[in-house]
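[1] need a structure here:
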Amino acid sequence: MRRTICSNQFLKVEEYTLKNKPKRKFYRCVTRRKGVSIIPVLGNELVVERQYRYNLARTFLEIPGGGAEKQESMQSTAQRELLEETGFRSAKPKILFAMNSAPEFLNSNSNYLLCNIVGKAAQTLDPTEIITVDRITPQTALALIKSGKINNNHSIIGLLYYLFFLAPKRKESTPLKTRPLVAPRRIKPAKLPKP
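    Residues are numbered from 1 along each chain as shown. From the prediction side, this is the model:
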């Protein structure tokens, strides 16, 4: 048996009655509407946004994303959210994968999509959104993740997926010289001349 504790247009909190569990009688779960995380590619760069998050009272560097409207496909959601948040238009997005980031209490998947940018328009932000748009190279994205400047899970997962599985491989400016592995030699100390 389950009952709804609270709900709004974005999420619903439910409490489940557990049978045959004497130590724990209830379990709570959050159901969120389906949503997208977008990996926008513009030539050799990635588009990211600096978005102010009211709940933490600070700005985050992240990939665009958002929730689907009723009966909206994931591709349509990705195109709409990308246009609203960044002002960029995309060709038909490619669905990469879906992931549940917190299955212990969250009953919802985030769908990751690749969007190749084909045009520019104006941002149409919601009244509560404060977003500025940046373009970064894949190498910069990796450095920002490593330094902790990109530190939210959907952005890290999406960018690393792109960097390791989809990004064009860089050509090394000089080929790496390799040596076969050999056992280390013991070096005798040099004999110094007597004074």
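[2] where does the protein have its least confident helix or strand?
    Ranking every helix and strand in the chain by mean pLDDT, DSSP states H and E puts strand 26-32 at the bottom, with a mean of 83.
[3] contact partners of whichever helix or strand comes after that strand?
    Later in the chain than strand 26-32, the nearest helix or strand by DSSP states H and E is strand 35-42. Applying CB atoms under 8 Å, 6 or more residues apart in numbering, the contact partners of strand 35-42 are 46-47, 63-68, 74, 77-78, 81-82, 86, 88, 90, 93, 96, 108, 110-117, 135, 154-155, 157-159, 161-162, 166. Heads up, the C-betas are built off the backbone N, CA and C, glycines and all.
[4] So among these, which ones count as buried?
    Neighbour-count burial (16 or more other CB atoms under 10 Å) is assigned, among those, to 46-47, 63-68, 74, 77-78, 81-82, 86, 88, 90, 93, 96, 108, 110-115, 117, 135, 154-155, 157-159, 161-162.
[5] Sort out which of those are in helices and list them.
    Counting by DSSP state H, the buried ones among the contacts of strand 35-42 place 74, 77, 78, 81, 82, 86, 154, 155, 157, 158, 159, 161 in helices.
[6] Kindly reformat these as TSV containing pLDDT and distance to residue 42.
    TSV is the format used below for those (pLDDT from 0 to 100; distance: CB to CB, whole Å):
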residue	pLDDT	distance to residue 42
74	97	21
77	97	20
78	98	15
81	97	16
82	98	11
86	97	10
154	94	20
155	97	17
157	96	20
158	97	15
159	98	14
161	97	18
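[7] May I see those organised as TSV, with distance to residue 20 added?
    As requested, these are exported to TSV (distance: CB to CB, whole Å):
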residue	distance to residue 20
74	38
77	40
78	43
81	43
82	47
86	50
154	36
155	41
157	36
158	40
159	43
161	40
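[8] between these, which is nearest residue 5?
    residue 154 (25.3 Å; CB to CB).
[9] Identify the spatial nearest neighbour of the closest one, chain neighbours not counted.
    residue 37 (4.4 Å; CB to CB, 6 or more residues apart in numbering).
[10] any idea how far the one you found is from residue 77?
    Going from residue 37 to residue 77 by CB to CB, to the nearest Å gives 11 Å.
[11] what does residue 63 give?
    If you measure residue 63 against residue 77 using CB to CB, the figure is 14 Å.
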